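[1] Structure for the following, please:
(one chain, ligands or ions: 1)
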Amino acid sequence: MEKNNVKEKGPYRNKLTQGAKQRYLEKLSDIQNIDPYELPAAQWHRDLNNLPPCTYMDIVNYLVFGVSHYTMQEFKSHKSLESYETFCCGWVQDLAIHKPPGGENSVVLAKVLHSRRLCEPPLTPWVILTPSGQVCSAHCTCMAGVAESCTHVGALLFMVDACVRLKEKASAGGGGGCCRSSAGGGGGCCRSSAGGGGGCCRSWGCCRSWAGGAVQRFTCR
Ligand SMILES: [Zn+2]
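    Sure, this is the predicted structure:
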């Protein structure tokens, strides 16, 4: 829904059609009218301890049962639920969080690489989350981003969910990812039949652990 053949300078929102820009500004009212694409880098932080506890249910509630501003129909974006794979492949990077002063909600932004066109600039979806992890709204710079439920938004939400679960697991004394958990049956999940016949279990949490508000990567054994 971006205007064609226009190379305007200025904020991203000015490149949107009038209706899309109006909707874009409406969404920002949930975060004190701050535009995530205009926020200076210094105002983003990367302490994942502050991520709202967005869960798989919150993701389904949004991507499937969320109502589109444009069609007034449910998104029913089952395709975006498949973006778990995009996230597992490591295409979601640079998770950053901002909670505007005086507000309750947080905005989470990330870079998502094109899965088939790695040389192109990454897309930058953002989501607005309530303190309890509910998804208020989302946006993305891809062609379908205005529709608010593209696969990049889905992949970003799965990243948030995974970080929150990893943090909870660490605080519960579970240590690192599943390779090190007792649930792995001693041999670690990479060697279990549940792993699909060798190699990593393909679970993002498998090769990562939680340390000091950040996700650390370690090598699967
Ligand atoms: Zn997108």
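[2] interface residues of the protein facing the ion?
    Contacts of the chain with the ion, taken as Cβ under 5 Å from the ion, map to 140, 142, 145, 150, 152. Every residue, glycine included, has its C-beta placed from N, CA and C.
[3] contacting residues around the first one?
    In this structure, C140 makes contact with 112, 123-126, 148, 150, 152-153, judged by Cβ atoms under 8 Å, 6 or more residues apart in numbering.
[4] For the residues of the chain next to the ion, which entry has the maximal number of neighbours?
    Highest neighbour count within the residues of the chain next to the ion: H152, with 30 neighbours (other Cβ atoms under 10 Å).
[5] per-residue confidence for that one?
    Model confidence at H152, given as pLDDT, is 93.
[6] Okay, and which of the contacts of C140 map to helices?
    Residues of these located in helices (DSSP state H): 152-153.
[7] neighbours around V153, how many?
    Applying other Cβ under 10 Å, we find 31 residues neighbouring V153.
[8] my guess is it meets P125, correct?
    Yes. Counting by Cβ atoms under 8 Å, V153 does reach P125; the two are 4.7 Å apart.
[9] shared neighbours of these two, anything?
    What both V153 and P125 touch, as defined by Cβ under 8 Å, 6+ apart, is the set 138-140, 145.
[10] Just the closest of those to the ion, please.
    C140 (3.1 Å; Cβ to the ion).
[11] How much space separates that closest one from R208?
    Per Cβ to Cβ, to the nearest Å, C140 is found 24 Å from R208.
[12] residue ranges with poor pLDDT in the protein?
    Residues of the chain meeting the criterion pLDDT under 70: 1-8, 173-207, 217-221.
[13] what does stretch 66-75 contact?
    23, 26, 62-65, 135, 147-149.
[14] repeat that with 6 Å
    For stretch 66-75, the surrounding residues in contact (Cβ atoms under 6 Å, 6 or more residues apart in numbering) are 23, 63, 65, 149.
[15] give me the number of residues near the last one?
    Residues lying near S149 (other Cβ under 10 Å) number 24.
[16] cool, R13 as well?
    Neighbour count of R13, defined by other Cβ under 10 Å: 16.
[17] OK, contacts around it?
    21, 24.
[18] so it sits in a helix?
    Yes. Assessed with DSSP: H, G, I helix; E, B strand; the rest coil, R13 lies in a helix.
[19] ok, so what distance separates V64 from the ion?
    17 Å (Cβ to the ion, to the nearest Å).
[20] Quick check: which element contains the nearest residue to that residue once chain neighbours are set aside?
    Excluding its sequence neighbours, the residue lying closest to V64 (Cβ to Cβ, 6 or more residues apart in numbering) is K76, at 5.8 Å. Under the criterion DSSP states H and E, no helix or strand holds K76.
[21] Could you list the buried residues of stretch 97-104?
    Buried residues in stretch 97-104, counting neighbours by 16 or more other Cβ atoms under 10 Å, are found at 97-100.
[22] Pull it out as PDB, backbone CA atoms only.
    Output in PDB follows, covering the C-alpha atoms of stretch 97-104 (Å, rounded to 0.1, in the frame of the first residue of the first chain):
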ATOM      1  CA  ILE A  97      12.600  -2.600  23.300                       C
ATOM      2  CA  HIS A  98      11.300   0.800  24.200                       C
ATOM      3  CA  LYS A  99       8.800   1.800  26.900                       C
ATOM      4  CA  PRO A 100       7.800   5.400  26.500                       C
ATOM      5  CA  PRO A 101       7.900   7.300  29.800                       C
ATOM      6  CA  GLY A 102       4.400   7.800  31.300                       C
ATOM      7  CA  GLY A 103       3.000   4.900  29.400                       C
ATOM      8  CA  GLU A 104       2.300   1.200  30.200                       C
END
